[in-house]
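Q: Okay, here's the prediction I keep looking at, along with the sequence it came from:
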Amino acid sequence: MLTLDTNVSELRGIGAARAKEFALAGINTAGDLLTLYPRSYQFRGDTVKINMAETGDVVSVIATLEQNATERRSARGMAFVTAFAHDDTGSVEIVYFNMPWLTKSLTKGRTMRFYGRVIRTLYGLKMTNPVTEPVFDGANLRKVVPIYPLQGKLTQNVVSSAVAQVLSLCGGISDVLHPDIIKKYDLMHRSEAIKELHLPTDRFSLDRARHSLAFEELVIFQLALRRMKQGVVTIPAKPLKFAGSGIRLFFDALPYQLTGAQQRAVKDALDDMCKPVPMMRLVQGDVGSGKTVVAAAAIYFAVKNGGQAAMMAPTEILATQHYHSLTKMLSPFGIRVGLLIGSTKAKDKQLVKQGLADGSIDVVVGTHSLIQSDVVFDNLLLAVTDEQHRFGVMQRASLVGKSAEPYQAHTLVMSATPIPRTLSLILYGDLDVSIIDQMPPGRQPIVTYGYNSKKRGDAYNLIAAEIAAGHQAYIICPLVEEDDEGGKRAAETYAEQLGSSALGGIPTETVHGRLSPKEKEARMARFASGEAKILISTTVVEVGVDVPNATVIMIENAECFGLSQLHQLRGRVGRGSCQSYCLLMSDAGGANAKERMRVMCETSDGFAIAEADLRQRGPGDFFGERQSGELSFEFAGVSDVELIGTTAALVKDMPDGYITYAMDDAIETFFDRNKGNRMFN
Ligand code: ADP
Ligand code: MG
């Protein structure tokens, strides 16, 4: 008797050789066959009239043969079968290569369905090697035909005939979702949905089946995340206490008042740290929204609770900047801050390491050098990482792992990349998120202008005026395609050309991808110190670099950048109290490019821009931010924004009673399948 465990070799038409091919593709049982999901579909049921088909279209036409097909052979022996057929709007010429056996069935007066790509020639419509099926009463023809992913010697026919033999087993597939959920969200049962994938009724039912399975998949994914978060609990964290921390004193000493959004983020973080569970929190806020002080408050809290804190940044410049701001905010309270970066002198490195090990240094700021094994802490309670997408999960974890047994350190991650909420659920599902969606008061919004190259002179004049007023400027150089010199030539040529413009004679510095990190940092430092007035850069200027005196950024070929990138670039200016400008240079006339310029000129809200970017370009670019090795979804995609939202709300307060045994299994399988994934290791 056929069951889900029946070996494929017992099916009709599958001998030892084919069974081996199936095994190579990972298909051993009837059940495996049912979960070999089609990769696409041919919608052969959507027929068009012959006069409506255009060159390049893949269509189905139903047409009657005008005479018997003719067959001839080329000099090399290749068979050509030619036939002419018509419907009530026109006729089509059909040619088959190397299918001489078709001649017999293509007889005058027969009506057939032809599916394939068409071209329009001088003489009319033409199809080559279409899928050809006789029409009897129309009922024999499938509307939607699945196309399976193939491997090795397996063909569509072999696979679909094998699947057809086991389809009756679909009835035995049980639901993973609780029946109440299926009913409430009007989903198909799993058995029905899987059958529909293999034997679709029509477009509508097929969509409903895929929707139901995507829904299920997203629920499993989110429950798996929930379970993983609960699993972390097995390693406790030291719960901190408000009493005696004197956190008020820290806030009172700040030269400004925290914004409401900053207050919320601080509260989220401190509350987390008071729990015996490690904090895993992401603070997301646009550039300049004031994330550093949130981290500083958390660090103060950890140190006043008798522990140490570490802050890791992706570059030496950033680490040094953080070191200075933290020292300023924390040293008045007797908190000792150390810096540990590659260029720290060997002797000083030794001193910092010694201080961390014996507890005489409370806070260390550094780059990757912090995770080296000879960096040992006396009592690390909090690990902060800035610009988190630059670090892998493993790096984050190895810092957290330097805490004192048996505790795990609390983790705070800061990111300046605004990500639409629904996406952050998938990208940062392992973290709780606080969003700083408010700027400190008194910021003047950056004024953004779009220019075309005829107005380049105006742009240069504006830059020259800002520099004359004592400010500085960034110029993002034109992008050069296929430039294996890392933009070296582009930057240098551009700098030369500036010499003869309104900007001639102004001290400039160039950075490009060909520089050693050391040289790059040295050049950036000359700009940061004010020695150079203009920084010409081919690559994106380091995220987080803070030169408050820079008030203009000019972006050449602005159309080459996505909205989120433009927004990041623009964030290099507007960091001081003076009015700042962003000049977008573009000659591109495309609708998308124009729309991007419009959005940039109209809004400076990073989240609004991220939403617009998601609409324009889809989610792929956001994933780029967070390394590859993505989750494997079969049906769901990050473009299912609405569905992600719906299922998130459902999972959020789903009682345990809704987690069926089948769901339990599915969650385990999910963990297995995503073992290597950054979120689940
Ligand atoms: P980012 O979120 O980009 O890391 P920073 O933490 O570097 O931003 O803050 C940017 C600037 O804003 C800093 O100079 C900081 O001192 C200042 N700042 C932060 N919070 C406030 C606030 N509430 N009021 C006024 N200025 C603030
Ligand atoms: Mg920052």
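A: Nice, I can see it. Ligands and ions are numbered 1, 2, ... in the order given.

Q: Quick check on the residue lying closest to Ala502 once chain neighbours are set aside: phi, psi?
A: Sequence neighbours aside, Tyr460 is the residue nearest to Ala502 in space, at 4.2 Å (criterion: C-beta to C-beta, 6 or more residues apart in numbering). For the C-beta atoms, the positions are set from N, CA and C on the backbone; glycine is no exception. Backbone torsions for Tyr460, taken as degrees, to the nearest 10, come to phi -60, psi -40.

Q: Other residues contacting stretch 62-71?
A: 47, 50, 79-87, 91-92, 100, 102-103, 106-114, 135 (C-beta atoms under 8 Å, 6 or more residues apart in numbering).

Q: Return a ChimeraX selection command for the buried portion of the residues you listed.
A: Provided next is the ChimeraX selection string for whichever of the contacts of stretch 62-71 are buried by 16 or more other C-beta atoms under 10 Å:
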select :47,50,79,81,83,85,86,87,91,92,102,103,106,110,112,113,114
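
Q: circling back to that earlier point, how far away is the residue nearest to Ala502 from ligand 1?
A: 29 Å (C-beta to the nearest ligand atom, to the nearest Å).

Q: What count of nearby residues applies to that residue?
A: By other C-beta atoms under 10 Å, the residues close to Tyr460 number 19.

Q: Isn't it up against Ile506?
A: No. Using C-beta atoms under 8 Å, Tyr460 is not in contact with Ile506, being 10.3 Å away.

Q: where does the stretch 201-350 of the chain come near ligand 1, residue by residue?
A: 256-259, 262, 285, 287-293 (C-beta under 6 Å from any ligand atom).

Q: Inside strands: which ones of those?
A: Secondary structure from DSSP state E places Gly285 of these in strands.

Q: and stretch 30-46, how far apart are its ends?
A: Counting by C-alpha to C-alpha, to the nearest Å, you get 31 Å between the two ends of stretch 30-46.

Q: any idea how far it is from the chain center?
A: Stretch 30-46 sits 27 Å away from the centroid of its parent chain (C-alpha atoms, centre = their mean, to the nearest Å).

Q: likewise stretch 376-384?
A: 31 Å.

Q: any idea whether the residue of the stretch 401-550 of the chain found nearest ligand 1 is helix, strand or coil?
A: Here the stretch 401-550 of the chain gets closest to ligand 1 at one residue, Pro440, 3.3 Å apart by C-beta to the nearest ligand atom. With DSSP: H, G, I helix; E, B strand; the rest coil as the basis, Pro440 sits in coil.

Q: give me every residue that touches Lys195.
A: Neighbours of Lys195 in contact, by C-beta under 8 Å, 6+ apart: 167, 170.

Q: if I've got this straight, it is in a helix?
A: Yes. The assignment for Lys195 (three-state DSSP) places it in a helix.

Q: Show me what stretch 110-129 is in contact with.
A: 42, 44, 47, 50, 53-65, 85, 90-97, 99, 106, 130-135, 141.

Q: mind running it again at 7 Å?
A: Residues outside stretch 110-129 that contact it (C-beta atoms under 7 Å, 6 or more residues apart in numbering): 42, 44, 50, 53-65, 85, 90-97, 130-135, 141.

Q: same check, this time on stretch 439-457
A: Here stretch 439-457 makes contact (C-beta under 7 Å, 6+ apart) with 256, 259, 288-290, 458-459, 502, 570, 573-574, 579-587, 597, 600-601, 604.

Q: Okay, and which of those residues map to strands?
A: 581-585.

Q: ok, Gln565 - how many residues close by?
A: Around Gln565 there are 16 residues (other C-beta under 10 Å).

Q: Ok, Ser580 next?
A: 24.

Q: Would you confirm that it contacts Gly571?
A: No. Under the criterion of C-beta atoms under 7 Å, Ser580 is not in contact with Gly571, lying 10.2 Å apart.

Q: where does the stretch 451-600 of the chain dip in pLDDT?
A: Low-confidence segments of the stretch 451-600 of the chain (pLDDT under 70): 479-488, 539-545.

Q: the helices in it, which residues?
A: 456-468, 488-498, 517-528, 563-570, 591-602 (DSSP state H, counting those that start in this stretch).

Q: Of these, which stretch is the most buried?
A: helix 563-570 (a mean of 23; mean count of other C-beta atoms under 10 Å).

Q: for that one, packing partners?
A: Identification of packing neighbours for helix 563-570 by 3 or more C-beta pairs under 7 Å, 6 or more residues apart in numbering; DSSP states H and E yields strand 550-555, helix 591-602, helix 606-617.
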